[in-house]
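In: Predicted coordinates and the sequence they were generated for:
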Amino acid sequence: MRKLVICALLSLQSLITMAQAPGAITGKVVDAKTQKPMLNAVASVLNTNLTVVTDLNGVFIFKDVAVGEQMLQVKSTGFKEQLIPIVITEGKTIDVGTVVLEEDITSEQQLSLITITENDLGDDNSGSETTAGLLQATRDAFQQSAAFNWGQARFRIRGLDNEYGMTMINGIPMNKIYDGRPQWSNWGGLNDATRNQEFTMGTAPSDYTFGNILGTQEINTRASIYRPGTRISFSGANTNYSWRMMGTHASGLNKNGWAYVISASRRWATEGYFDGTDYSANSVFASVEKRFNEHHSLNFTSIYAQNSRGKNSPNTAEVTRLGGEKYNSYWGWYEGEKRNSRDKDVEEPILMLSHYWKMNDKTSLQTNASWQTGSIGNSRLDFQGGQNPDPTYYRNLPSYYLSLYENDATLVPASAYQPGGLGGLYTPDLIGAMTAPFLTQKQIDWTAMYTANQTSGDGSSSYILYEDRTDDTQFTANSIFNSQLSENIAMNAGATYRHLKSHNFQNLLDLLGGGYYNDIDTFGEGEQVQTDLNNPNRRVEVGDTFGYNYNLYANVIDAFTQFKFGYKKIDFYLGQSFSRSEYQRDGLYRNGYYPNNSFGKSDKIVYENFGFKGGLTYKLTGQHYLSVNAAHLTKAPTLRNVFPNARLSNNILEADSENISSADASYIMRLPKLKVRLTGFYARIKDATETSFFFAEGVFEDAEANGDSDAFVAETVTDLDKKHIGAELGIEWQLTSTIKLTGSAAYGQYTYANNPHVFLNQDALATATNSNPIIDYGTAKLKDYRLPGTPQQAYSAGIEYRDPHFWWIGANFNYLADNYLDVSPILRTQQFITNTADLNGLPYPEVTEARTRELLKQEKFDSFNLVNLTGGKSWRISGKTVGFFASINNLFDITYKTGGFEQARNASYRELNQDASSGNPSFGPKYFYGYGRTYFVNVYFNL
């Protein structure tokens, strides 16, 4: 890499020596309303390395600007940017005069985005998969559509998961080591405090990190860069919360070199959009800076964001038909209130100390240290010896009784038949109308569980409420170096160290009226029933740890260098990175399934990875550009996938590092009234690993596990390749001084690119001599199936009217299509059609190719249209600003699916075929639905 840089420098030496004497630019930036100078407004000469901030008088100066056509950009958070075309003359200074920035009242829309990105409904303790939160910083028309108009449909930029982007606060990576994703709730509700952001798309260069193929978001909380003043707001919504209060005060930098910012908010809802989804969140932020002199400054940031919310369930088509799209099986009435059994609680405060060293006008070094500790808990019910309390358990649904009737009508209990009827929903000829328990008890019966526990006889609880807890403590330290080596060459470099201790365990929350709970595994035999052989037959109470208990340790080091070259007609950059990841598990229980491979420390596993990237921008003129970026990197598997059965054993899956390649090419037009970006992109991810858990029927040979072919299994898919190819278009046209038109389009084909390998871990097969009961199921025929989780086509057209008297209104029409169901890999292995009862391993005799294709065809969700309205108004009263922002999303209350997955319980052809042939399958796919018509109203005061 060093040789490459030297060669590039030498090859460009002639260009440097032949360059004409540069010119200069100066100007002053003021607030349109107050006419006061603006401190820390950012001025940049586009497609160069030249960026400065305004001083106390609002003045900026560029001393070395290349001769020719240039585009000057002036911007500040919360204001509309200004683009000014300039022709630089050799040796002369161009004074652009006073640049007036108007308040961007549409930026209030950013404050409502959190109602989308916080609605992460995952059942584990991982971060968010959505990419909308990454895009708050950008004003690019396409990315604005992706965040504000398509985000409600869980649209992902380029079809990529958030783990392929990098989110940072003050240069500190915020992506979790466990799964590679950011936990948005760690700073949720602090929109005012986190509005100073920079976003870099794809692999384009960032001053803070090497990044990844999705992009980089940098949130800056340095106290001195905040605009002085006080802001108070109150909001109402009908999404995941109902009300929000927020207050923020920034002091600005005083004459003694001190600056501080404080912010706090509360968000709450008795019930959100979906039934039974309560919400409560409190957030506090403080940042203090001391500037010792023009060279050294120290900043301390603290963030506390506590969040508790009730989840909503994915449901089968049968359940949705009976309960509606808002139906949520996770809650039930208790003592006159709706009580949700699946709460997610996040409380992980962050402390950061940053030192800024401005060595000279061209070189700076930022050094950061961060400490984050706290907990994430996901609650759920557990039971021993009683009936499954889930109202949507398959034995509670009409489809179960229909399947019994089809096989033998005498098997249907008399209690299944009640007067009433199902309104023609089910068509089989049944004498009388049939009613399953679900139809009379659609919600969790908390009272019945309390009664069962209180009348158990021995004081034990058959039902409890517990949480899967993760208590993380992470220390991070890094340094980021930036230097303008010459007029044409800039260098960025950085190194980061992260140490994680992650304590994972089950925590008993509520005995539901009982006296204790037996800490055993009722599905095991002999020693297998013991969750901890070192402390067998424990009776646990509220606050006790039980079930599983272990620590995960990680040490991650990464470093990068990057060189940016800027010339009159061409800019280019080169970057490289190196990382080393070390993982280890430390079991605190000696599990009965794995007596020799669960207690104590596992072996350490180490991954070393690298990355290279480069790109260039060719300036056709000062307003038209061609840009190309390319990258190749490797990425260590996450902790989640290295220890696929971490709750019970030290077993390690020696997964390969992911091998990632990407490229994109763009045409960019930036005129004062017209902005266009057209991009084509390609990404290939190889050797990925994914882990999931489920109960499967018919997956093991009868000769094993005492003839039982059903089991709870951990499925691991390795050597998984994915391909992302597509195009993006964003257009913004300022038609008149008051009317702006926007258009955006995304077309992609995101597919599985190979047939990966599938392994199942079956705990029941573990023995003293077989401590790693992995069964190889061979390859899964996934190639050319579509990747799930996002619309692969999205289009938007918008119009906005902005009145000179500071009110505005906008409308967007959106069309989204090509969203697909998440398919099950095990159903696409050879085992799916193999008769487990046949000693020769022959297929089921009823298998046909046509029926197999029909059963395994990937479901494509219906396309849909969304119309969104936004508007706002602000007033200037006695030097203060009062305003409001309002939005209505999905104006016509369209019902649509945002995602879903195949249930793998019927893991054999015979089981799945019988279930599907009923017409009302018990184990059909489960779906998530998007919001219907929703609103957000925000009233604010800038004092």
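Out: Yep, that arrived.
In: what pLDDT, on average, does stretch 377-397 get?
Out: The pLDDT scores in stretch 377-397 average 93.
In: buried set for it?
Out: 377-383, 387, 389-392, 394, 396-397 (16 or more other Cβ atoms under 10 Å). Quick note: C-beta positions are derived from backbone N, CA and C, even for glycine.
In: Which pLDDT value does the model give Gly423?
Out: pLDDT, Gly423: 33.
In: actually Thr167, sorry about that
Out: The per-residue pLDDT of Thr167 was computed as 95.
In: That one reaches Asn175, doesn't it?
Out: Yes. Between Thr167 and Asn175 there is a contact at 6.1 Å, judged by Cβ atoms under 8 Å.
In: Wasn't Gln152 part of a strand?
Out: No. With DSSP: H, G, I helix; E, B strand; the rest coil as the criterion, Gln152 is assigned helix and is not in a strand.
In: Which residues are in contact with it?
Out: Residues near Gln152 by Cβ atoms under 8 Å, 6 or more residues apart in numbering: Ile116, Leu866, Asn889, Asn890, Gly930, Tyr931, Thr934.
In: where exactly do the helices run in this structure?
Out: Counting by DSSP state H, the chain has helices at residues 2-11, 13-18, 114-117, 141-144, 317-323, 398-407, 437-440, 446-454, 639-642, 849-856, 909-917.
In: Grab the nearest non-local neighbour of Asn293.
Out: In space, and not counting its chain neighbours, Asn293 is closest to Gly257: 7.9 Å by Cβ to Cβ, 6 or more residues apart in numbering.
In: May I have the phi/psi pair for the one you found?
Out: phi 90, psi 20 (degrees, to the nearest 10).
In: Any idea how many residues pack against it?
Out: 16 (other Cβ atoms under 10 Å).
In: which ones are touching it?
Out: Here Gly257 is in contact with Lys290, Arg291, Phe292, Asn293, Ser297 (criterion: Cβ under 8 Å, 6+ apart).
In: Please apply the same query to Phe210.
Out: Contacts of Phe210 by Cβ under 8 Å, 6+ apart are Asp558, Phe560, Gln562, Gly575, Gln576, Ser577, Gly611, Lys613, Leu633.
In: what's the farthest-apart pair in the contacts of Gly257?
Out: Lys290 and Asn293 (10.5 Å; Cβ to Cβ).
In: quick one, which of the two is more surrounded?
Out: It is Lys290, of Lys290 and Asn293, that has more neighbours when counted by other Cβ under 10 Å, with 17 against 8.
In: Look at that one and report its pLDDT.
Out: pLDDT, read off for Lys290, is 97.
In: just Ile116 next, same as before
Out: 40.
In: dump the residue contacts of Asn865.
Out: Asn865 neighbours (Cβ under 8 Å, 6+ apart): Phe813, Asn814, Tyr815, Leu816, Phe892, Ile894.
In: Provide a ChimeraX selection command restricted to the buried entries of these.
Out: Listed next is the ChimeraX selection for buried residues among the contacts of Asn865, using 16+ other Cβ under 10 Å:
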select :814,815,816
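In: Which single one of the contacts of Asn865 is nearest to Gly229?
Out: Asn814 (35.0 Å).
In: Now do the contacts for that closest one.
Out: So Asn814 contacts Ser145, Asn149, Trp150, Ala794, Tyr795, Ser796, Asn865, Leu866, Val867, Asn868 (Cβ under 8 Å, 6+ apart).
In: Pull up the gap between Pro843 and Lys857, please.
Out: 19 Å (Cβ to Cβ, to the nearest Å).
In: Which one of these two is surrounded by more residues?
Out: Legend: neighbour count by other Cβ under 10 Å for Pro843 and Lys857, higher for Pro843 (15 against 11).
In: residues touching the nearest residue to the more buried one once chain neighbours are set aside, list them.
Out: Among residues not flanking Pro843 along the chain, Ile833 sits closest, at 4.5 Å (Cβ to Cβ, 6+ apart). Counting by Cβ under 8 Å, 6+ apart, Ile833 touches Pro843, Tyr844, Val847, Thr852, Ser908, Tyr909.
In: per-residue pLDDT, Ile833?
Out: 92.
In: just for the stretch 1-150 of the chain, where's the confidence low?
Out: Applying pLDDT under 70 to the stretch 1-150 of the chain flags residues 1-21, 33-34, 105-139.
In: To what extent is Met352 buried, counted in neighbours?
Out: 21.
In: Repeat that for Asp55.
Out: 14.
In: which phi and psi does the closest residue to it other than its chain neighbours have?
Out: Nearest residue to Asp55, sequence neighbours excluded (Cβ to Cβ, 6+ apart): Leu39, at 7.1 Å. Per-residue torsions, Leu39: phi -80, psi 140 (degrees, to the nearest 10).
In: what about Leu39, distance to Val99?
Out: 14 Å.
In: next one: Thr691
Out: In terms of Cβ to Cβ, Thr691 sits 53 Å off from Val99.
In: For these two, indicate the residue with more neighbours.
Out: Thr691 (22 against 19).
In: contacting residues for Pro536?
Out: Gln530.
In: and it, backbone torsions?
Out: phi -70, psi 160.
In: For Asp521, see how far away it is.
Out: Applying Cβ to Cβ to Pro536 and Asp521 gives a distance of 12 Å.
In: now do Tyr550
Out: Taking Cβ to Cβ, one finds Tyr550 at 16 Å from Asp521.
In: Between these two, which has more neighbouring residues?
Out: Shown here are Tyr550 and Asp521; by other Cβ under 10 Å, Tyr550 has more neighbours (23 against 18).
In: what pairs with the more buried one across the strands?
Out: Judged by DSSP bridges, the bridge partners of Tyr550 are Asn504, Gly587.
In: Do you know the pLDDT at it?
Out: At Tyr550, pLDDT is 98.
In: What of Ser370?
Out: 98.
In: Please renumber the chain so that the first residue is 29 from this point on.
Out: Will do, 29 is the new start, and the previous item becomes Ser398.
In: from memory it sits against Glu376, does it?
Out: No. Applying Cβ under 8 Å as the test, Ser398 and Glu376 come out as separate, 11.7 Å apart.
In: the more surrounded of Thr195 and Asn203?
Out: The residue with more neighbours, out of Thr195 and Asn203, is Thr195; 24 against 21, by other Cβ under 10 Å.
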